[in-house]
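> Turn this into a model:
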Amino acid sequence: MGGTIGIYCGASDDLALRKFGESIGLITISPRFDRELSEDAASGPYCFFSTVSKLELHPYGDPPVTITDVKDPIMRFMRSYFKDPYLVAGHIHWSDDVRALSVKTRPRYQQISKWINKNWERLPGGRYYVGPEARSLINRGAEMVNVLPGTADFKIIEV
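Here you go, the predicted structure:
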């Protein structure tokens, strides 16, 4: 089951979250071993919070460049971002699928959850948190979305 924290962030909120992660020993890393993480969340929002250095990870595939939370003590991190006029949701996901790994990541997930709860606004319904910059963007008319319009390739079928 694990746990997920939904978030809406502006650039400064994303930076503050990643800095807090660093302060508790987390490293923000790209989902591919052969790529660096972009500072601009809009150009590459999917990443991980890792409890170990990149050299301690266990990439797989051919060539072995992909990493996963079933092989390493990492948490999935979809960074939220603003692309005018949209504020795109993100999340942090802690998995308990592999007990030996979840024991290592759970304390950090709990610390991040506590920090977000203390420093950010919880939206009605309790499923998402809004950082201070994100709140400012919303107040100025930003539209909160789960996916940037025009980027998802899916078809809605009414039954």
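> Look up the closest residue to V145, ignoring the ones flanking it.
Y86 (5.0 Å; C-beta to C-beta, 6 or more residues apart in numbering). (Each C-beta comes from the backbone N, C-alpha and C, glycine too.)
> element containing the most centrally placed residue in the chain?
What sits nearest the mean C-alpha location of the chain, by C-alpha atoms, centre = their mean, is F77, with 2.4 Å. Element membership for F77, per DSSP states H and E: strand 74-78.
> partners of that strand in the sheet?
Neighbouring strands of strand 74-78 in its sheet, by DSSP bridges, are strand 46-50 (antiparallel), strand 90-94 (antiparallel).
> Out of those strands, the one nearest G141 is which?
Taking C-beta to C-beta as the criterion, strand 90-94 is the member of the strands paired with strand 74-78 that comes nearest to G141, at 20.0 Å.
> Name the residues that touch the strand holding F77?
For strand 74-78, contacts defined as C-beta atoms under 8 Å, 6 or more residues apart in numbering pick out 28-29, 45-52, 57, 67-69, 89-95, 105, 108-109.
> what element comes up after it heading to the C-terminus?
On the C-terminal side of strand 74-78, the nearest following helix or strand under DSSP H and E is strand 81-83.
> Name the strands paired with that next one and say parallel or antiparallel.
In the sheet containing strand 81-83, its partner strands are strand 86-88 (antiparallel), by DSSP bridges.
> what's the offset of the partner strand from the middle of its chain?
Distance of strand 86-88 from its chain centroid, counting by C-alpha atoms, centre = their mean, to the nearest Å, is 14 Å.
> Quick check: buried residues in stretch 59-68?
The neighbour-count check on stretch 59-68 (16 or more other C-beta atoms under 10 Å) flags P59, I67, T68 as buried.
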